[in-house]
Every structure is written in C-alpha cells, then in structure tokens.
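Asks: how would this look folded up:
(2 chains)
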2 protein chains.
Amino acid sequence: MSKFGRWPEDVGVTKKMGEEACLKAIEDAGISPKQIEAAYVGNMGIMAPHVQGPLVGNLILERVGRGGIPVTRIEGGCASSALAFREAYMAISAGFYDVAIVLGVEKMLVGDAQTRLKSMIMGSDLELEGVMGITFPGVFGMMATRRMAKVGTTREQMALVAVKNHGNALYNPYAHLPMKLTVEEVLNSRPIAYPLTLYECCPMSDGAAAVILASEDVAKKVTDTPIYVLASAQTSGSLEPDFDYIVLKSSLIAAKKAYEIAGVEPKDVDFAEVHDCFSIAEIAHYEELGFCGIGEGGKLIEEGETEIGGRIPVNPSGGLLGRGHPVGATGAAQVCEVVWQLRGEAGKRQVAGAEIGLTHTMGNFSMGDAGHCVVQIFKRGD
Amino acid sequence: MSKFGRWPEDVGVTKKMGEEACLKAIEDAGISPKQIEAAYVGNMGIMAPHVQGPLVGNLILERVGRGGIPVTRIEGGCASSALAFREAYMAISAGFYDVAIVLGVEKMLVGDAQTRLKSMIMGSDLELEGVMGITFPGVFGMMATRRMAKVGTTREQMALVAVKNHGNALYNPYAHLPMKLTVEEVLNSRPIAYPLTLYECCPMSDGAAAVILASEDVAKKVTDTPIYVLASAQTSGSLEPDFDYIVLKSSLIAAKKAYEIAGVEPKDVDFAEVHDCFSIAEIAHYEELGFCGIGEGGKLIEEGETEIGGRIPVNPSGGLLGRGHPVGATGAAQVCEVVWQLRGEAGKRQVAGAEIGLTHTMGNFSMGDAGHCVVQIFKRGD
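Replies: So this is what the prediction gives:
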C-alpha cells in the first residue's frame, strides 16, 4: 500500500501512488516483476479525470517495468479493486495466468468538497436519483433513521463504530485518519446528514494498494505462508419492493454465497474487513454477514465484540472511516489487511491467532442497495 | 445490436440503447433471461458522463429483468467490450458461470466536436501526451506519413479502405455511415489530420451491442449453430525505442498469441473484423494479422483481396468507418458480425462459406501504440 491520505496534486501523482503500491507488493511477494502475466486495475477515475481513468493502469504498469501485458481496468465505484481482484482470481483459476497483480488506485482530493460530493453521486442513477439531489451521506442517513425506528439501533451504538475504527487506525501506519475519540466527541462533531456526524462519514482519500495473486503451484514456491482464497462472491443491488431495507440485500446474498462456496460459517471467521463508508453501514454489515442476528448489530458493537480482542473483530485496519477511502483502492487495501493479519504481521492491531479472514466491499448505490457487493473469504495456508 | 448512429439526447437514452441490444441478444440466443448469471459491460463513459459511467450496466440489466446478478464494468476505451467479452469468456471457461451476457454501450454524440475530441484524448497519457496537444487523428496521421515514407503506402490505397468500408456498410442495417464513395471523393473530402481526410476517420456514434456467451453444454442445448471461441489474446502497448512503428506491436503480439492458442494460421481465417478507426490503421492491421507481409498492406487492398469476395474479406460489416464507432460498443459489435457471418445470416454482405472469423480491437493509445489490443478467433460449430 501507499500511505492513504492527501497526496500533493502534482503531475504524475496517481502514477507515483500506483507505482509505490505495485513495487511494495512485488517485493513482499518475493517474485520477479517478469513473472507477472496480467494486471487488473480498479480505478473509479471520476474525481480527478486529468490524472487517472482510461489508461492509468497501463501507465503505472509501464513504470513498474511490465508494460505490454494485459492490463484491464475495472470500474465498480468503491468496489473497483474488489471486482478487479475477483477477475484476477477467476482468470488464474481458469489457468489463463499463473501470476497477476491487482492494483487499486485513486486520487480524490482535488477541487472543493461540494464538487467532489457531486462527482461521487455518478455512482447512482444520475438521471433519476442524482437529479433528485440524493447524496451518499443522505442515503446512509436514511438507513440510520430507518434502523433507529425499526430495530432500535441507537446513536451511541453508531458513534461507537467511529470510535473503534478511528482508534484501530492509530496502529495502522497507512491510515488517513487515526484518532482517539470518545462517543461524545463523535456525537458532537459537525452534522453531515442526519443523524450522521463528521466522524461517522469516511473521508475522501488519495492512495493505492496492490496484491499479487498466483496459482497454488507458484505461490508455494515463493512463500511458506501462502494465503488462500476460499471464496469470492459478487452480487448487484436490485429493486425489491417487498424487502424491508433494514440491511442490504446485495450483502446478505453475497455473504450467503461466499460462505457456501468456502464451506465455512460466520462463526468460523476470525475477523473481517467490511465496507464502513458510514458508521451505520458497519452495523448493518454485522447482520448481513451473520456475525449476529438481524437487528442485533448495535448490541454487538456495544458489547465490544467487534473490537480487536472481541469475538469477531471488524475493521482492525481502521476500515474506511479510519484507514481512509480512496475509492478504487479500498478493495485491494482490505485484502492487504487480511494478508497481514493472517500472516501475523499486523503489529499492535493484530487479531491473535487469525486463520480465516473476510472482506466485504460495496460499490455505487442505487435503488436502495449497493450497486456491487463482493464478499471474499481467505485462509492462512497450513 | 441497436442501430448505430445518432440517438436523441433524451433522459434514459443509454439505458434504452443497452436494453434494446440485450433483449435482441437474448431473443437471438433462445435462452431465458433467468439463465444469465453474470454481465460484463464495456463502456468508456467519458463523453456523456450524465447518462453512463459507473452504474450504467446495472441500470440496464435491471431493465432487462436481471438485476441482482454480478455486473462488472470494464473500461478499456475503444476496446471496452472486447475486454468485457474476454473476461466473460475466462469466467465461463473457469466454470464460474454457464451463461453470461456481454454488453457494449456508448453515448458519444453530445456537445461539440472539439469537446468530444478533447474527451477522447483521455485515453492517452493526458499529463504528457494530452497536454502536448496530441489527438487520435493526429496519431494516425503520423502513422500514415511514416508508412508513406518508409514502405510506400499510398494515399489512394488508404482511400480504398474508406471506399470499401463505407460501401460494405450499405448492406448493414445497423450501420451509421453507409456510403457509396469513390477514391476521388475520399481524397477530396475535408482534411482532418494530414494526410487523413474526413471519410478516412471513423465517426463518433451512439449505439449498443450485446452477445450471449455460454458453456459448450448450454450452447448445444439452445442452438444447432453454436459459434466457438477458439482464442482470445490481449496485450498492451509499451514503449519500445527500437521498434520501427510501421505497424503496431501490441497487435502483432496479440495476433501471434491468438493464432498459437487457436492452432490456426492467418491463411485459415475466412474474414476479419478489425479496428479501422482510421483508413491507415486497417492497412497496418492486414500486416499485423499476417494477411500479407509487412509493408504489403497497401497492395492487398489495391488488389481487392480484402473486399467481400476477395481472398480475405476485412470488415464486411463496414467496420468502424462504415458501421460507426460507439467506442464501448465496438468490440461486442464485431463479435455480432462474426456470429452472423459464421451462421450465414449476413445477407448481401455475407462472406461465402465462412467457417473461421477473427476480431481485432484496440483501445486507447499511448507511447506510439494501442493501450489495449484484443485478438479473438471464432469458429462455426460442426
């Protein structure tokens, strides 16, 4: 990973972030760049189109010394590099490649907040929802009030997510917003979209993250600690008039599929990196992922079960709230955290004895649900 | 396919084009929409970001009645849906899906020509090449003058490509620019980037094209005339100081790989749909694809060998020049033409007895070469 945060708006900034992440991933994997046969690049590219978009992956791979190989850009909003990871995983499974690199990269911090917020909403149905003035904080604000009314999720429970994730980020050297906060500080921070406050909304960040995927044969040659992909499941949101919208259906189904494919149950998962774009989202994800019953997510955080050291630590990295959210890079960054945790290399934020980790990534949002949801399950090699 | 050309700039235009192509593909394939397990959507999304981009694939699939399934947007400039096709092909090969839909869609005709030209150059290295004022017509103008100087390609030979492709488009009901032209008319049309004239430059078009891919088992159940994918090869352009740039290296290598994978030789190919974004490009592609020797492409068109009825018909559909070029849709449209030709359903533009067809698609352009090149080989089932 590159550091997540604010990178200077220099010529070539996206290329520099991407190159840094790729070179670190290559070094960490112990492979030669020449072994990389394909690249999958997640980049939304909307916020700063002058420094990213169509050709950004090619230009970065050229700098890394691997121009010429297939470079495929996947755009799925905030899930871009989760989708990219999944494509690389399928292509390697099919035997088309032995080694691929997945890169997520995004430059977001340009222009003013209003322009950036307006750009982000291109990940909805701009012609219908966009013109009605909806924004992503607005969407999740509505989810929060609905859950407060229907299942009794409280403001304090939501604030605890922000306290935990900004706090976990204190131990993540790549994090954008490491902060020691109290519930009161969260509740009293600037209102963004009722009831969500500033610290409950993930920041826009610049950054890059990269992952090397390899076939089992190659992986076993280069490392004694391979991390296996047990499952990768993808869904889309879809209009569902009868659904209750207490949680997200795309997540519910993706999680169910991933558990089936992996042959594991929620109780087997040692920790998870989930898409906490807003505090309320993480609470809903607890329920969608089966870490507790529907409507019980608030209680789970209240009882400390999702803290590092709890029954099911969630977002030990700091998540989107604490680590930051350069949209195209988030999916790959979640996989980086899973790898570090499963290898026991996560330092002060280590989940003790972690053997199975899960990532959950969402991208775009329309019709009351995430445009894309990807749930992936990973296991430490024996 | 939808009709390629100018679609009205109404709310929902991209959704309508995409829906039309998807529904036609589903009907043609004789499957039930419910059989579709995944969608891969090629869309560049730059020219009219208010009606396409991040969520366009999801919104179209929702209209088609297949919301909820994995929908993955692939952005590779003018090769977007060729890359999308390749991802679908690999995922089905790996057994992740039995049936997938590949959709290419693009709305381009908005704003003025200058703004559109400026948008397109985002498919280069905007920070270096873009600021130097390069445009795609400029790039291919340079290729033309270089080939005129080095291998003697003539203006008349280039003009013949425009005559042939606009002419073939007369028999394609989906074509944007069907025209009966003479060499003189082409040479005397408005200069665009020396030596290229108006009729030698592909138009910007609106349109959509869709393809249903299935595993062999499923395909055999729904059709007596399955078309097989023999090979799909992808490369990227890369800086190559020693290369002579008479042809494009990304195409040369992709073609070589595709022939190897398919186990066929250039002489076995009955016709090809190639990326004639400019007249000169098609002549270079003849050589890259091995239909003649390097430097002999001009002679090949002069001798009529690439006309329908010639030794190796190229772009019987009209190609990008005649059928039009809604960038995200072109790769899928090329596959549509291959399917119709191999089934013997191409009417007055039918290549007699065609058994093996090839597609060649390029996307973006930087460092003297295409950003992406995809060469795919298809065969009629026995």
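Asks: next SSE downstream of the helix or strand of chain A with the lowest mean pLDDT?
Replies: None of the helices or strands of chain A scores lower by mean pLDDT, DSSP states H and E than helix A:113-120, at a mean of 85. Counting by DSSP states H and E, the element after helix A:113-120 in chain order, helix or strand, is helix A:136-150.
Asks: which strands or helices does that following helix pack on?
Replies: Judged by 3 or more C-beta pairs under 8 Å, 6 or more residues apart in numbering or on different chains; DSSP states H and E, the packing partners of helix A:136-150 are helix A:113-120, strand A:191-193, strand A:196-197, helix A:279-288. Backbone N, C-alpha and C define where each C-beta goes, glycine included.
Asks: closest one to chain B among those?
Replies: Closest approach to chain B among those (C-beta to the nearest C-beta): helix A:113-120, 9.2 Å.
Asks: need the strands for chain A, in chain order.
Replies: For chain A, strands defined by DSSP state E occupy the ranges A:38-42, A:71-75, A:99-106, A:191-193, A:196-197, A:207-214, A:227-236, A:271-273, A:356-366, A:369-380.
Asks: switch those over to CSV; also include mean neighbour count and mean pLDDT.
Replies: Below are those laid out as CSV (neighbours: other C-beta atoms under 10 Å in any protein chain shown; pLDDT from 0 to 100):
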stretch, mean neighbour count, mean pLDDT
strand A:38-42, 29, 98
strand A:71-75, 31, 98
strand A:99-106, 31, 98
strand A:191-193, 17, 97
strand A:196-197, 24, 98
strand A:207-214, 29, 98
strand A:227-236, 23, 98
strand A:271-273, 28, 98
strand A:356-366, 28, 96
strand A:369-380, 28, 97
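Asks: of all the ones you listed, which one is nearest chain B?
Replies: Comparing these by their distance to chain B (C-beta to the nearest C-beta), the top pick is strand A:227-236, with 3.8 Å.
Asks: how about low-confidence regions in the stretch 251-382 of chain A?
Replies: Scanning the stretch 251-382 of chain A for pLDDT under 70 picks out no residues.
Asks: highest mean neighbour count out of the helices and strands packed on helix A:136-150?
Replies: Among the helices and strands packed on helix A:136-150, helix A:279-288 has the highest mean neighbour count (mean count of other C-beta atoms under 10 Å in any protein chain shown), at a mean of 28.
Asks: and residue A:3, which of the strands of chain A is closest to it?
Replies: Nearest to residue A:3 among the strands of chain A is strand A:207-214 (6.7 Å), distances taken as C-beta to C-beta.
Asks: returning to what we had before: which elements pack onto the least confident helix or strand of chain A?
Replies: So helix A:113-120, by 3+ C-beta pairs under 8 Å, 6+ apart, packs with helix A:136-150.
Asks: from what I can see residue A:237 touches residue B:58, true?
Replies: Yes - if you go by C-beta atoms under 8 Å, residue A:237 and residue B:58 touch, sitting 7.3 Å apart.
Asks: who touches both of those two?
Replies: Common neighbours of residue A:237 and residue B:58, using C-beta atoms under 8 Å, 6 or more residues apart in numbering or on different chains, are A:366, A:371-372, B:67.
Asks: show me the two of those residues that sit farthest apart.
Replies: A:372 and B:67 (11.9 Å).
Asks: any residues in contact with both of the two?
Replies: Common contacts of residue A:372 and residue B:67 (C-beta under 8 Å, 6+ apart): A:236-237, B:58.
Asks: closest one of these to residue B:36?
Replies: Closest to residue B:36 out of the shared contacts of residue A:372 and residue B:67 is residue A:236 (12.1 Å), distances taken as C-beta to C-beta.
Asks: which residues touch the residue in the stretch 201-350 of chain A that chain B sits nearest to?
Replies: Chain B sits closest to residue A:238 of the stretch 201-350 of chain A, with a gap of 3.0 Å, by C-beta to the nearest C-beta. Counting by C-beta under 8 Å, 6+ apart, residue A:238 makes contact with A:249-250, A:367, A:369, B:62, B:67-68.
Asks: and residue A:248, by the same measure?
Replies: The contact partners of residue A:248, taken as C-beta under 8 Å, 6+ apart, are A:237, A:284, A:288, A:362, A:369-370, A:373.
Asks: which among those residues gets closest to residue B:379?
Replies: Among the contacts of residue A:248, and counting by C-beta to C-beta, the member closest to residue B:379 is residue A:373, at 37.3 Å.
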